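Novice: test case, fold it:
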Amino acid sequence: MPSRRPFRRPAVVAAVTCTALATGLLALPQTAAAAGTRIHDIQGSTRISPLAGRQVSGVPGTVTAVRSFGSARGFWVQDPRPDDDPATSEAVFVFTGKETPKVAVGDAVTFAGTVSEYYPGGKDAGLQSVTEITAATWKVIASGTPLPAAFRLDAAAVPQRYAPDAGGKSIESLPLRPGSYALDRYESLEGMRVAVADAPVVGPTSSHHELWVTAEPQHARTARGGALYSSYADPNSGRVKVASLLPLDQHPFPAADVGDELTGTTEGPLDYDSFGGYTLQATAMGKVTDHGPAPETTRKQQADELAVATYNVENLSPAAPQAKFDRLAQALVHHLSAPDVVALEEVQDDNGPTDDGVVSAGATLKKLTDAIKAAGGPAYEARQIDPVDDQDGGQPGGNIRVAFLFNPGRVSFTDIPGGDATTPVRAVDDHGRAALSASPGRIAPKDPAWKDSRKPLVGQFSVKNRPGSRVFVVADHFNSKGGDQGLDSRFQPPARSSETQRTAQARLVNGFVKDLLAKDPKADVVVAGDLNDYQFSPALKALTADGVLTDLVNGLPRDERYGYVYNGNSQVLDHMLTSSHLTRTDYDIVHINAEYADQASDHDPQVLRIRP
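Specialist: Reported below is the predicted structural model:
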C-alpha cells in the first residue's frame, strides 16, 4: 500500500508570538469567557467552519495537548464551557508550523488568528479538512487548570452507519448528525479530548509508530481478533488510529499485534490526517496486553497432492537485507511446508529501485532460493519473464514482476520457447488437450489493461508421480488501489477509480482461462496472486464470470476471509481460484505477517492443495 511520508505537510509558517501571563488563576475570568467568539462558533455544525478565512480574537480555552515535533507543530485548545449542541466540536488546533509553541498542557489561553481549513494531502486527495487557526497569537491567562473530561469512544457512542450517502458528492455542507453516522461523530469531536478503554488492537504497530484499535469490540471480528472488512456497506465504523504525542525516548511506542489489547485508558485529542483519517493523538497510552495468536503453520501436502502457494514478498531485491530473505525462506519452508509451486509477487530486478535499465531478476531469485535451501528447503528452480524497463508499475526503477518457484523433486516445468515481455501467450490444442504456445508466457501484455501494471505469467507444470498430468498456473498482480478515495473521504460513497483497470484485467484473465477450457473442459487451472481487490468486488465478479473459476476464499468460514490488514480492516487482496475440474481442494490462508508489527511482508501467503 502507499508509502509514507513527511509528517503532515510542508508549510509556510506565519510569525507566532506568545505572552505568558502566569497569574495562578484556575479558571478563565468571566469577562474573557463572555466576550465574543467561542470555539464551537468556529467549528460550526458542518465540516467547514462558518468563519473560514476570517480573523478571530479573544477566543478562550484550555491547552489540552502540544505537538512539539515535525513540520506541523502546534497545540490543541478546548473550551471547558461547551454549548449544548452535540454537532459542534469544542476544540481546535492552533497551527504553528515548524516553531514549537510556548504553551503547556493546562494553560488557560485566549487566542487570535485566521480560521483555516487544511486538507491533508491537498484538496484533490478527496479527504476531509481540519479546521485550524493559522497566523496565531495567544495569551496565557492561567496555568495548571483542569482539562475537560475526555469523550469516551465506545459502541454506544459510535454509530454503526459509517457516513451519509451523498451519491458520490461532497458531504461537507451537510449538517453533522453524530448520533447517526460514525464520520459525523468523529468530526463533531475534531480536536477534542477522546478516550478508548481496554481497546482491542485491530491494526498492528507500524514503522511510523501507529496502531489501530476498535471502539466496537463485538462488531465483525475475525477468528484471530481483527476487524473483518466483508462488504462496502460496512467499513467497521469503530476503527480509530492511535498515534502518540509523548516523547518516544521516554515513552516508546508500544509494539502491538492484531488480537492484542490496549489495556487501560488511552486518551488525547482527536486529529485527522491523510494516512488513516481520524487519529487519537495520545497524551496517555494504555498498556499492550498480549492476547494475539501465534503465527500459523500449514500442514504438509500428501504424496498425491500438489501444493501451490502465492506470496507477495513486498519489493524483494538484493538491496533488501539478508534477514528479509532468511525470514521469507523460513516462512516458505516451515510455515508453508515447502509448497511444490510458488507464485511470487513483487519480485524486483537485480538492483532494486536503482533506475538504470537493469531488468533481470536472476540475482534476486537466486538469493531467495539459496536462502530457502539454507533453511532446509528444497532446491527450488525459478521461471519468470523480464519486463520492458519501467513499464510494469511498482516502485520506480524496481521493474516489479511475478515469478514462479517450483520444487523439481516434485514437479516438472514444461518449458516452451517463445515467451517474452511483449508476445501474448495463447491456449493451443495439443491432440485434444490444452497446452500453451509458450511456457512461461504473459497474458495479453500489450493490452491497455496492463498499462503501468504487472502482466500475468502463465506456466505449465506436471506432477512427477502423475505421468501425463498438466496443471496451468496463472500468477497475477493486478493494479493497485492508488488514486481511490479513502473510506473516510468527504465524497460519499468514495470513488474507486482504480477498479476500472482491475476489472479489465480480470476479464482478460477470465478470457484466457476460457480459451484453455475450450481446448479441454477438464483442464486443471489455478489462478493465484495479489489481485488488489476484495472477494465481493467487480473485478472478482469479472474473473469468475460464467463459472470459469471458483474463488476459494468464499469457501472459508466468514471470519477467516482475510490475509491483509489496512487501516485496521482485515481484508482479502490475495486470491487463489480454480477451474471446475479441480473439485478436491484444500485451501489455507497462512497468517504470519499482516497481523504482526514484526513482519517480513505486509501480505499473508496462501496455500492450495489439489489432486490433479
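Novice: can you give me every residue that contacts the residue lying closest to Val347 once chain neighbours are set aside?
Specialist: Among residues not flanking Val347 along the chain, Ala403 sits closest, at 4.8 Å (C-beta to C-beta, 6 or more residues apart in numbering). Every C-beta, even on glycine, is put in place using the N, C-alpha and C of the backbone. By C-beta atoms under 8 Å, 6 or more residues apart in numbering, the contact set of Ala403 is Ala343, Leu344, Val347, Ala361, Leu365, Ala382, Arg383, Gln384, Leu457, Ala475.
Novice: switch the cut-off to 7 Å
Specialist: By C-beta atoms under 7 Å, 6 or more residues apart in numbering, Ala403 lies in contact with Leu344, Val347, Ala361, Leu365, Ala382, Arg383, Gln384, Leu457.
Novice: quickly list what it is bridged to.
Specialist: Counting by DSSP bridges, Ala403 is bridged to Leu344.
Novice: how close does it sit to Gly357?
Specialist: 20 Å (C-beta to C-beta, to the nearest Å).
Novice: how far away is the closest residue in space to Asp598 that isn't next to it in sequence from Val105?
Specialist: Among residues not flanking Asp598 along the chain, Ala255 sits closest, at 7.5 Å (C-beta to C-beta, 6+ apart). Using C-beta to C-beta, Ala255 is found at 26 Å from Val105.
Novice: can you classify the residue nearest to Asp598 as helix, strand or coil?
Specialist: coil (DSSP: H, G, I helix; E, B strand; the rest coil).
Novice: correct me, but Ile39 touches Thr88?
Specialist: No. Using C-beta atoms under 7 Å, Ile39 makes no contact with Thr88, being 8.4 Å away.
Novice: show me which of these two is the more surrounded one.
Specialist: The residue with more neighbours, out of Ile39 and Thr88, is Ile39; 26 against 22, by other C-beta atoms under 10 Å.
Novice: who wins for neighbours among the contacts of Ala403?
Specialist: Neighbour counts for the contacts of Ala403, by other C-beta under 10 Å, peak at Leu344, which reaches 30 neighbours.
Novice: quick check: Glu216 vs Pro200, distance?
Specialist: 9 Å.
Novice: kindly report the same for Thr500.
Specialist: Distance of Thr500 to Pro200, given as C-beta to C-beta: 36 Å.
Novice: between the two, who's got more neighbours?
Specialist: Pro200 (23 against 13).
Novice: pretty sure the more buried one contacts Thr214?
Specialist: Yes. If you go by C-beta under 7 Å, Pro200 and Thr214 touch, sitting 5.5 Å apart.
Novice: now do the same end-to-end measure for stretch 364-383.
Specialist: Distance across stretch 364-383, first residue to last, is 12 Å (C-alpha to C-alpha, to the nearest Å).
Novice: cool, and stretch 144-159?
Specialist: One end of stretch 144-159 sits 35 Å from the other (C-alpha to C-alpha).
Novice: what of stretch 342-356?
Specialist: Start-to-end, stretch 342-356 (C-alpha to C-alpha) is 29 Å.
Novice: now that stretch: mean pLDDT?
Specialist: With pLDDT averaged residue by residue, stretch 342-356 scores 97.
Novice: follow-up on the earlier one: tell me which two of the contacts of Ala403 sit farthest apart.
Specialist: Using C-beta to C-beta, those span at most 12.9 Å, a distance reached by Leu365 and Leu457.
Novice: re the thing from before, tell me the pLDDT of the residue nearest to Asp598.
Specialist: On the pLDDT scale, Ala255 is placed at 97.
Novice: touching, it and Thr205? I think so.
Specialist: Yes. Ala255 is within contact range of Thr205, at 5.0 Å (criterion: C-beta under 7 Å).
Novice: where in this structure is pLDDT low?
Specialist: The chain contains residues with pLDDT under 70 at 1-35.
Novice: show me the domain layout of it.
Specialist: What automatic domain parsing lists as the domains of the chain is 17-142, 151-289, 306-610.
Novice: just send these back as CSV, with distance to Pro295 too.
Specialist: Converted to CSV, these look like this (distance: least, C-beta to C-beta, whole Å):
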stretch, distance to Pro295
domain 17-142, 34
domain 151-289, 10
domain 306-610, 4
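Novice: next, the buried residues of stretch 358-369.
Specialist: Val358, Val359, Ala361, Thr364, Leu365, Lys367, Leu368, Thr369 (16 or more other C-beta atoms under 10 Å).
Novice: so what's the residue count around Pro146?
Specialist: 11.
Novice: distance of the nearest residue to Gly418 once chain neighbours are set aside relative to Thr414?
Specialist: Nearest residue to Gly418 in three dimensions, chain neighbours excluded: Ala438, at 3.7 Å (C-beta to C-beta, 6+ apart). Taking C-beta to C-beta as the measure, Ala438 falls 10 Å from Thr414.
Novice: neighbour count winner among those two?
Specialist: The neighbour count for Ala438 versus Thr414, taken as other C-beta under 10 Å, is higher for Ala438 (21 against 16).
Novice: identify the residues contacting that one.
Specialist: The neighbourhood of Ala438, defined by C-beta under 7 Å, 6+ apart, consists of Ile416, Pro417, Gly418, Gly419, Thr423, Val425.
Novice: ok, those residues vs Arg81, which is closest?
Specialist: Once C-beta to C-beta is applied, the member of these that ends up nearest Arg81 is Val425, at 71.2 Å.
Novice: gap between that closest one and Gly97?
Specialist: Distance, Val425 to Gly97, using C-beta to C-beta: 55 Å.
Novice: which one's more surrounded, these two?
Specialist: Neighbours per residue, other C-beta under 10 Å: of Val425 and Gly97, the larger number sits with Val425, 28 against 21.
Novice: now the more buried one. Its backbone dihedrals?
Specialist: phi -80, psi 150 (degrees, to the nearest 10).
Novice: equivalent analysis for the one 3 residues further on, please.
Specialist: Torsion angles at Val428 (phi, psi; degrees, to the nearest 10) stand at phi -130, psi 160.
Novice: that one against Ser437, yeah?
Specialist: Yes. The pair Val428 / Ser437 is scored as a contact, 5.3 Å apart, by C-beta under 7 Å.
Novice: could you give the separation of stretch 128-135 from the chain centroid?
Specialist: Computed by C-alpha atoms, centre = their mean, to the nearest Å, the chain-centroid distance of stretch 128-135 equals 26 Å.
Novice: Arg496: what's its closest spatial neighbour, skipping adjacent residues?
Specialist: Leaving aside its sequence neighbours, Arg496 sits nearest to Asp484 (C-beta to C-beta, 6+ apart; 4.9 Å).
Novice: the longest helix along the chain: which residues count as buried?
Specialist: For the chain, the longest helix by residue count, based on DSSP state H, is helix 499-519. Buried positions in helix 499-519, judged by neighbour count with 16+ other C-beta under 10 Å: 499, 501-510, 512-513, 515-517.
Novice: re earlier: what about Ala255 and Thr205, which has more around it?
Specialist: Counted by other C-beta under 10 Å, Ala255 and Thr205 do not tie: Thr205 has more neighbours, with 21 against 15.
Novice: any figure for the gap between Pro295 and Ala600?
Specialist: Counting by C-beta to C-beta, the gap from Pro295 to Ala600 is 10 Å.
Novice: of the two, who's got more company?
Specialist: Set Pro295 next to Ala600 and count neighbours by other C-beta under 10 Å: Ala600 wins out with 23 against 18.
Novice: need the residues that contact stretch 344-361.
Specialist: 311-319, 362-365, 384, 386-387, 389, 395-403, 405, 477, 529-530.
Novice: among the residues you listed, which ones are in helices?
Specialist: Gly362, Ala363, Thr364, Leu365.
Novice: quick one: contacts for the third one?
Specialist: This points to Thr364. Leu316, Ser317, Pro318, Val347, Gln348, Asp349, Asp350.
Novice: identify, from the residues you listed, the entry nearest to Gly121.
Specialist: Gln348 (26.7 Å).
Novice: what's the burial count for the closest one?
Specialist: So Gln348, with other C-beta under 10 Å, has 26 neighbours.
Novice: and if you look at Asp370?
Specialist: The number of residues near Asp370, taken as other C-beta under 10 Å, comes to 14.
Novice: which residues in the stretch 1-150 of the chain form strands?
Specialist: 17-20, 55-67, 73-78, 91-97, 108-118, 130-142 (DSSP state E, counting those that start in this stretch).
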